[in-house]
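J.: next input, structure requested:
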Amino acid sequence: MRKYSGFSLIELMIVVAIIGILAAFSFPAYTDYVRSAKISEATSALVDMRVKMEQYFQDNRGYTGACGAVGTSIAPLPAATQNFKFECNPAPDATTYTVRAVGINSMAGFDYTVNQANVRTSSITPWSVQNASCWVTKKSGAC
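T.: Next up is the predicted model:
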């Protein structure tokens, strides 16, 4: 009698099924982990911009003209990255402003803001999370 060595097709299909199930659970978690890591681009740029805006206010006693292009202002907007673009809206009364990071490409739907009172807000459509008091960095809504 001859003895065969190796795997049967059923054994191989069981292994493929197990790998498929593991991948189905791990891929979304990995995607959320990568998104959480990319959030630091937005938050660090907003913190930096807020410092520049306050410096501009100290020098000029207002925010009008603070958000200029690079080379034309003390507080130029951060350059757009692969994941975020930045907007600045000083109010006409020159006493308030809002700086915003808007997600693009794989970060579309992620929106972070900071204002002159250092109020930080988050609106994250893919995670169905909104927070009016901090920058959400995790899918659970944690800041």
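J.: next up, the contacts around the closest residue to Met107 other than its chain neighbours.
T.: Distance criterion Cβ to Cβ, 6 or more residues apart in numbering; nearest residue to Met107, sequence neighbours excluded, is Asn83 at 4.3 Å. All C-beta spots, glycine's among them, are computed from the backbone N, C-alpha and C. Each residue near Asn83 by Cβ atoms under 8 Å, 6 or more residues apart in numbering is listed here: 38, 41-42, 103-107.
J.: all helices for this protein, in order.
T.: 9-60 (DSSP state H).
J.: gap between the nearest residue to Ser123 once chain neighbours are set aside and Trp135?
T.: Spatial nearest neighbour of Ser123, chain neighbours left out: Asp111 (4.3 Å); criterion: Cβ to Cβ, 6+ apart. Asp111 is 10 Å from Trp135, where distance means Cβ to Cβ, to the nearest Å.
J.: re the thing from before, how about the residue nearest to Met107, phi and psi?
T.: phi -120, psi -20 (degrees, to the nearest 10).
J.: and if you look at Gly141?
T.: phi 100, psi 0.
J.: got the CA positions of stretch 105-120 in PDB?
T.: The C-alpha coordinates for stretch 105-120 follow below in PDB (Å, rounded to 0.1, in the frame of the first residue of the first chain):
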ATOM      1  CA  ASN A 105      -7.900  61.800  -0.100                       C
ATOM      2  CA  SER A 106      -8.000  59.000   2.400                       C
ATOM      3  CA  MET A 107      -8.800  61.400   5.200                       C
ATOM      4  CA  ALA A 108     -11.900  62.900   3.500                       C
ATOM      5  CA  GLY A 109     -14.500  63.600   6.200                       C
ATOM      6  CA  PHE A 110     -12.100  64.500   8.900                       C
ATOM      7  CA  ASP A 111     -12.400  68.100  10.000                       C
ATOM      8  CA  TYR A 112     -10.600  69.800  12.900                       C
ATOM      9  CA  THR A 113     -10.700  73.400  14.000                       C
ATOM     10  CA  VAL A 114      -9.200  75.700  16.600                       C
ATOM     11  CA  ASN A 115     -10.100  79.300  17.400                       C
ATOM     12  CA  GLN A 116      -8.600  82.300  19.300                       C
ATOM     13  CA  ALA A 117      -9.900  80.900  22.700                       C
ATOM     14  CA  ASN A 118      -8.200  77.600  22.000                       C
ATOM     15  CA  VAL A 119     -11.500  75.800  21.600                       C
ATOM     16  CA  ARG A 120     -10.800  72.700  19.600                       C
END
